[in-house]
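Student: my questions are about this predicted structure, shown below with the sequence.
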Amino acid sequence: KSKNLTYSTLLNAIKDANVRNMLIEGRDKGFKLETSEGMYYPVMHYEGFKSFKPYVTKDIAAYIDIMATESNQASVFDAAIVISWTELTNRALALEDFVTKYPASNRSTVLQKELLNATSRLLYGSSNTPAYDYDEQVIKPEVKKAYENALKGNKGDTRILMILEKLLQLLDSTNNKLTPEVEKFLNQTVNSK
């Protein structure tokens, strides 16, 4: 990510009126710019919405916090997990907390989809950051540690924590290897709600 990727820098460098107008409109509507693989794209900058939290319902305030965390530092960039496994776990738990607390919220459906993605990412990793070593098919130590830390004092409190607890039990019995039994458990978990 370029530190020079600001509206000011781009507006000073770009002379095409149509592109300048598009950049100004995006800036004025609360978008920030991101870049990946040579492409520029707008991303909603939820941090700017935090000033409205005292004036909105609790569910929308919680939604703003969740979305601001992700827009301030994306969890995945170029198919790689770019935050710690502990932070990834915390974000999945925050999503789960939202959909549990606010099932009738108009943001619940959106965050349920995000929760499915986050759970899958938490259990498998991503294309460029798998949870299990490619060669040995053993869970990476930092992943296992994040799971264990999430469970400290919270055993079985939520669906994700129940999954992590059962997964750690399975991994203990397989010497941390991704065996067919572990893989079956992961597949059933991800494919069920």
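Tutor: Thanks, I have it.

Student: center of the chain - which residue?
Tutor: residue 75 (4.6 Å; Cα atoms, centre = their mean).

Student: isn't it right up against residue 81?
Tutor: Yes. Residue 75 lies in contact with residue 81 (Cβ atoms under 8 Å); the separation is 6.4 Å. Every residue, glycine included, has its C-beta placed from N, CA and C.

Student: spit out the residues that contact the two alike.
Tutor: Each of 88, 121 lies in contact with both residue 75 and residue 81 under the rule Cβ atoms under 8 Å, 6 or more residues apart in numbering.

Student: now do the helices in this protein.
Tutor: Applying DSSP state H to the chain gives helices spanning 7-13, 17-28, 58-72, 85-101, 108-124, 141-151, 159-173, 180-190.

Student: want to throw those helices into JSON lines with mean neighbour count?
Tutor: Shown next, in JSON lines, are these (neighbours: other Cβ atoms under 10 Å):
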{"stretch": "helix 7-13", "mean neighbour count": "12"}
{"stretch": "helix 17-28", "mean neighbour count": "13"}
{"stretch": "helix 58-72", "mean neighbour count": "17"}
{"stretch": "helix 85-101", "mean neighbour count": "19"}
{"stretch": "helix 108-124", "mean neighbour count": "18"}
{"stretch": "helix 141-151", "mean neighbour count": "17"}
{"stretch": "helix 159-173", "mean neighbour count": "17"}
{"stretch": "helix 180-190", "mean neighbour count": "14"}
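
Student: returning to what we had before: let me know the pLDDT of the nearest residue to the residue nearest to the centre of the chain once chain neighbours are set aside.
Tutor: Residue nearest to residue 75 in three dimensions, not counting chain neighbours: residue 83, with 5.1 Å by Cβ to Cβ, 6 or more residues apart in numbering. On the pLDDT scale, residue 83 is placed at 96.

Student: much appreciated, bye for now.
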